[in-house]
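Trainee: Test case, fold it:
(chains A and B)
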Amino acid sequence: DARVTQTPRHKVTEMGQEVTMRCQPILGHNTVFWYRQTMMQGLELLAYFRNRAPLDDSGMPKDRFSAEMPDATLATLKIQPSEPRDSAVYFCASGLFGAGAYEQYFGPGTRLTVT
Amino acid sequence: KQEVTQIPAALSVPEGENLVLNCSFTDSAIYNLQWFRQDPGKGLTSLLLIQSSQREQTSGRLNASLDKSSGRSTLYIAASQPGDSATYLCAVRSPSNTGKLIFGQGTTLQVKP
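Mentor: Numbers count the residues shown, from 1 in each chain, chains lettered A, B, ... in the order given. Got it, this is the predicted structure:
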């Protein structure tokens, strides 16, 4: 049963600390997305990659957020330094672009709390 | 700029009732529309995906329709059960070569036994 995995599932950190979230997309998927979900804003797209290349990161605060795909099986989202307003659930999703329907499959999310 | 709206924000119904969730979008030029379910504290589960050329998709007790010209989609749930209680989100994908999904704020459904 192929699924997107994310680690850690929960993270509590103090303001100013670095936070790294990891995602393993479904094997064979060529597109990876990072979303952030809050009560106020709902689901927002932060960044996404195709074939490991960043296509769009316009939704991401550039001064503190960075997203990378070191290889096809790992995507990372880093926040440095973290702030209380970054508290949210961060979702990773993957899909196979070019396969017609192009569904996105979501991971369970990382719940981040910055105090 | 594409905007997706879901009405109502919350809905409570007795078990067994048929119900309809609504989704509207401002730009009718979409590639497809996807309905998701989200349980509290969990990720999103894809329920149905409708291509822009399709009018509806069915899966079990769920039926999703799409009227692209009017910018509307509905998710029909037949014979609702307490296990259907969750937040339902719709998302549209633009036809550009990106795959980006624009999400609505969701409808939180409670089905009472």
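
Trainee: all strands for the chain, in order.
Mentor: I'll assume chain A. A:5-7, A:10-13, A:19-24, A:31-38, A:42-50, A:53-56, A:65-71, A:74-79, A:88-95, A:105-106, A:110-114 (DSSP state E).

Trainee: try chain B instead
Mentor: Using DSSP E, strands in chain B cover B:4-7, B:10-14, B:19-25, B:32-38, B:44-51, B:56-59, B:62-67, B:72-77, B:86-93, B:101-103, B:107-112.

Trainee: The first one pairs with which strands?
Mentor: By that I understand strand B:4-7. Its sheet considered, strand B:4-7 pairs with strand B:19-25 (antiparallel) by DSSP bridges.

Trainee: Enumerate the residues of chain A near chain B.
Mentor: A:4, A:31, A:33, A:42-43, A:45, A:48, A:50, A:55-56, A:91, A:93, A:95, A:97, A:101-109, A:111 (CB under 8 Å from any CB of the partner chain). Using the backbone N, CA and C atoms, a C-beta is placed for each residue, glycine as well.

Trainee: Now the buried members of those residues.
Mentor: A:4, A:31, A:33, A:42-43, A:45, A:48, A:50, A:55-56, A:91, A:93, A:95, A:102-109, A:111 (16 or more other CB atoms under 10 Å in any protein chain shown).

Trainee: Just give the closest residue to the residue positioned nearest the centre of chain A, not the sequence neighbours.
Mentor: Central residue of chain A (CA atoms, centre = their mean): residue A:34, 3.1 Å from the mean position. Leaving out its chain neighbours, the residue that sits closest to residue A:34 by CB to CB, 6 or more residues apart in numbering or on different chains is residue A:46, at 4.4 Å.

Trainee: mind listing what that neighbour touches?
Mentor: A:34-36, A:57, A:59-60, A:65, A:67, A:77, A:90 (CB atoms under 8 Å, 6 or more residues apart in numbering or on different chains).

Trainee: how close does it get to residue A:21?
Mentor: 11 Å (CB to CB, to the nearest Å).

Trainee: what residues are shared contacts of the two?
Mentor: A:77, A:90.

Trainee: what about the nearest residue to residue B:65 once chain neighbours are set aside, how many neighbours?
Mentor: Leaving aside its chain neighbours, residue B:65 sits nearest to residue B:56 (4.4 Å; criterion: CB to CB, 6+ apart). Under the neighbour criterion other CB atoms under 10 Å in any protein chain shown, residue B:56 is assigned a count of 14.

Trainee: now do residue A:14
Mentor: Neighbours of residue A:14 (other CB under 10 Å): 10.

Trainee: Hmm, residue A:114 and it touching each other?
Mentor: Yes. Using CB atoms under 8 Å, residue A:14 is in contact with residue A:114, at 7.3 Å.

Trainee: Counting neighbours, which bits of stretch B:90-108 end up buried?
Mentor: B:90-94, B:98-108.

Trainee: Now narrow these to whatever sits close to chain A.
Mentor: Within the buried residues of stretch B:90-108, those near chain A by CB under 8 Å from any CB are B:91, B:93, B:98-101, B:103-106.
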